[in-house]
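**Q** Predicted model follows, preceded by the sequence.
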Amino acid sequence: MDDGLLEGQLAYYRARADEYDEWFLRSGQYDRGPVWNRRWFLELERVRRELDRFGPMGEVLELACGTGLWTVELARHAAGITAVDASPEVLDINRARLQEACAEISVRYVRADLFDWSPDDAYDVVFFGFWLSHVPPGRFAAFWDLVRSALRPGGRAFFVDSLRPEAPAEKRRLGWTPGDHTMLRRLNDGREYRIVKIFYDPVDLEARLADMGWRFSVRRTENHLLYGFGEPR
Ligand SMILES: C[S@@+](CC[C@H](N)C(=O)[O-])C[C@H]1O[C@@H](n2cnc3c(N)ncnc32)[C@H](O)[C@@H]1O
C-alpha cells in the first residue's frame, strides 16, 4: 500500500545525498541560528557519549547508514562494520568518509532495500540512526523482527532519531501535522518529495518494544533527539 511512498522516500534520499550533511551540520536551509544550532550540537554530543558508553563493539550492522555520520562513530569501537543502504550515492560518500577518517577498519557495504532484505550474518550490535522514523507504521513489527534476526545471542541494538518538535514554529517549518505519518521535504533546488516521518514518544515506544519482547531503554535529550538501546528478552 505504501510502495509509492517508499519509492518516493528513497528517490528523495538519493537526490539529497550531496546535501544531506547540511541538515546534520545545520548549514544552508537547516541553519536555525546560533542558539538553536548550539543546542542541537550539544544534544548530538550527548547521544555520541551514550553510544560510547553502550560500546558498539565486535561485528556491527548499521542499517540505513547514509553518508557515514554515525558510521565513523561506530568505527571507533567496532571490529568490523556492515553498512546497508539503498542509495548508491550515499554509500559512495560513506566510503570516502570512512577511508579518510579511519581507513584501518573494514567496512562491508551492502546496497539493499531494507524493506526487502534479510541479514546474511549475525551481529553483536545493530545500529540505526534517523531510520526508525522513516519506517511506515504497518512495517514497524517486521522491521524489529529484522533487527532481532540480525543479532547473535547476547547481541544488542542502539538507535537515535528525531524527537517530536514541540515549538509551533518548528512544526510549521517542518510542515508536520500531528496524526499524519508523512511529510513533504524540499531539496535545495526546490524539488519536493513526500516521505514517511513518525515521531515516537519515548515512554510509549519503550512499552511497545517491551510488548514485542525487547528489553529496551528509550530516552530523549532536551529538545531534539530520541535514542534507545537494548536487547531481545
Ligand atoms: C534520514 S537518512 C539517515 C542516514 C544515516 N543513518 C544518518 O543518521 O545520517 C535515511 C537513509 O535511509 C536510506 N534509505 C531510504 N530508503 C531506504 C530503503 N528502502 N532501504 C534502505 N535504505 C533506505 C537513505 O538512502 C538514507 O541514507
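**A** On my side now, so go ahead.

**Q** contacting residues around Gly68?
**A** 83, 93-95, 97-98, 101 (Cβ atoms under 8 Å, 6 or more residues apart in numbering). For every residue, glycine as well, the C-beta is placed using N, CA and C.

**Q** Neighbour-wise, give me the winner out of those residues.
**A** Ala83 (27 neighbours; other Cβ atoms under 10 Å).

**Q** quick one: buried residues of the helix or strand encompassing it?
**A** Secondary structure assignment for Ala83, by DSSP states H and E: strand 78-85. Applying a neighbour-count criterion of 16 or more other Cβ atoms under 10 Å, the buried positions in strand 78-85 are 78, 80-85.

**Q** filter these by proximity to the ligand?
**A** Cross-checking the buried residues of strand 78-85 against the ligand (Cβ under 6 Å from any ligand atom) gives Asp85 as the overlapping residues.

**Q** Among the buried residues of strand 78-85, find me the one that's closest to the ligand.
**A** Asp85 (4.6 Å; Cβ to the nearest ligand atom).

**Q** list the contacts for the one residue in the chain that gets nearest to the ligand?
**A** Here the residue of the chain nearest the ligand is Gly66; by Cβ to the nearest ligand atom that distance is 2.4 Å. Contact partners of Gly66, counting by Cβ under 8 Å, 6+ apart, are 13, 20, 85, 90, 94, 129-130.

**Q** circling back: for the contacts of Gly68, could you give me TSV that also reports secondary structure?
**A** Output for the contacts of Gly68, formatted as TSV (DSSP: H, G, I helix; E, B strand; the rest coil):
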residue	secondary structure
Ala83	strand
Ile93	helix
Asn94	helix
Arg95	helix
Arg97	helix
Leu98	helix
Ala101	helix
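
**Q** got these as JSON lines, with pLDDT columns?
**A** Shown next, in JSON lines, are the contacts of Gly68 (pLDDT from 0 to 100):
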{"residue": "Ala83", "pLDDT": "98"}
{"residue": "Ile93", "pLDDT": "98"}
{"residue": "Asn94", "pLDDT": "98"}
{"residue": "Arg95", "pLDDT": "97"}
{"residue": "Arg97", "pLDDT": "97"}
{"residue": "Leu98", "pLDDT": "97"}
{"residue": "Ala101", "pLDDT": "93"}
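
**Q** picking up where we left off before, could I get the contacts of Gly66 as TSV with secondary structure?
**A** Rendered in TSV, the data for the contacts of Gly66 read as follows (three-state DSSP):
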residue	secondary structure
Tyr13	helix
Tyr20	helix
Asp85	strand
Val90	helix
Asn94	helix
Gly129	strand
Phe130	coil
